[in-house]
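*Asks:* turn this into a structure:
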Amino acid sequence: VTGQYGIPGWDINVEGAWAIETGKPEVIIAVFDEGVDFAHADLANNIWTPIGPQGLNTVAGEHGTHVAGIIGAVTKNNLQLAGIAGGDGGGRGVKIMSLDIWGDHGLSTQDLYIYAADNGASISQNSWGYTVANVYNQSDLDGIDYFNTNGGGAHLNGGITIFAAGN
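*Replies:* Purely as a prediction, here's the structure:
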């Protein structure tokens with residue numbers, strides 16, 4: 001944080017986890033947000049190909065790229081930051097799948113969950129939400145249910161869906 005090693009009480013103390021595992025390229029994490037900058041110097045080695053359903057037409061957004069960096073920015077490359085599961089250097093971290101839920105690409109959120117599950121994503125990371133209590137789209141919930149049942153890739157029997165708090 002701001003060039004410091006860590007701020008007690010603010011950082012996540014990831015070094016202990018890194019002693020066990022730094023990330024595996026066979027694990028795909030689907031980032032449901034704005035598009036991810038697949039060419040970003042700190043992410044390019046950990047981007048899943050074919051990137052997402054929009055492929056090279058993915059429109060990058062600052063927040064989607066930021067979220068992807070927290071998860072999978074390459075470690076030990078002397079750039080900006082190290083992702084939680086960015087690997088031990090050389091692109092051996094988790095793979096980031098970009099799923100732009102805000103773009104004008106003709107796919108619903110439900111379609112994107114199905115895409116992620118059917119293309120081997122183990123984890124669905126979501127940095128979006130609703131603004132009115134008890135108001136939601138049933139198709140979004142159906143997509144999440146599909147991912148939780150059919151996702152997981154080769155590593156899990158069903159996917160794991162995570163939502164960011166306070167978003």
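*Asks:* the protein: helices as residue ranges?
*Replies:* Chain-ordered helices for the chain, with DSSP state H as the definition, fall at 15-18, 62-72, 109-118, 138-150.
*Asks:* quick one: those helices as TSV, columns for mean pLDDT, mean neighbour count and distance to Ile162 too.
*Replies:* Every residue, glycine included, has its C-beta placed from N, CA and C. What follows is the helices of the chain, written out as TSV (pLDDT from 0 to 100; neighbours: other Cβ atoms under 10 Å; distance: least, Cβ to Cβ, whole Å):
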stretch	mean pLDDT	mean neighbour count	distance to Ile162
helix 15-18	86	12	16
helix 62-72	94	22	10
helix 109-118	97	21	13
helix 138-150	97	16	11
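*Asks:* distance to Gly129 added to those helices, as a markdown table?
*Replies:* Rendered in a markdown table, the data for the helices of the chain read as follows (distance: least, Cβ to Cβ, whole Å):
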| stretch | distance to Gly129 |
| --- | --- |
| helix 15-18 | 26 |
| helix 62-72 | 13 |
| helix 109-118 | 12 |
| helix 138-150 | 10 |
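*Asks:* Gly83: which of those helices is closest?
*Replies:* Relative to Gly83, the nearest member of the helices of the chain by Cβ to Cβ is helix 62-72, separated by 4.3 Å.
*Asks:* from the chain's centroid, how far away is that closest one?
*Replies:* Relative to its parent chain, helix 62-72 has a centroid offset of 7 Å by Cα atoms, centre = their mean, to the nearest Å.
*Asks:* and for stretch 39-48?
*Replies:* What separates the centre of stretch 39-48 from the centre of its chain is 12 Å, taken as Cα atoms, centre = their mean.
*Asks:* with stretch 52-64 instead?
*Replies:* If you compare the mean C-alpha spot of stretch 52-64 with that of the full chain, they lie 12 Å apart, counting by Cα atoms, centre = their mean.
*Asks:* repeat that for stretch 38-51.
*Replies:* When C-alpha coordinates are averaged (Cα atoms, centre = their mean), stretch 38-51 and its chain have centres 11 Å apart.
*Asks:* stretch 153-167 too?
*Replies:* The mean C-alpha position of stretch 153-167 is separated from the chain mean by 10 Å, Cα atoms, centre = their mean.
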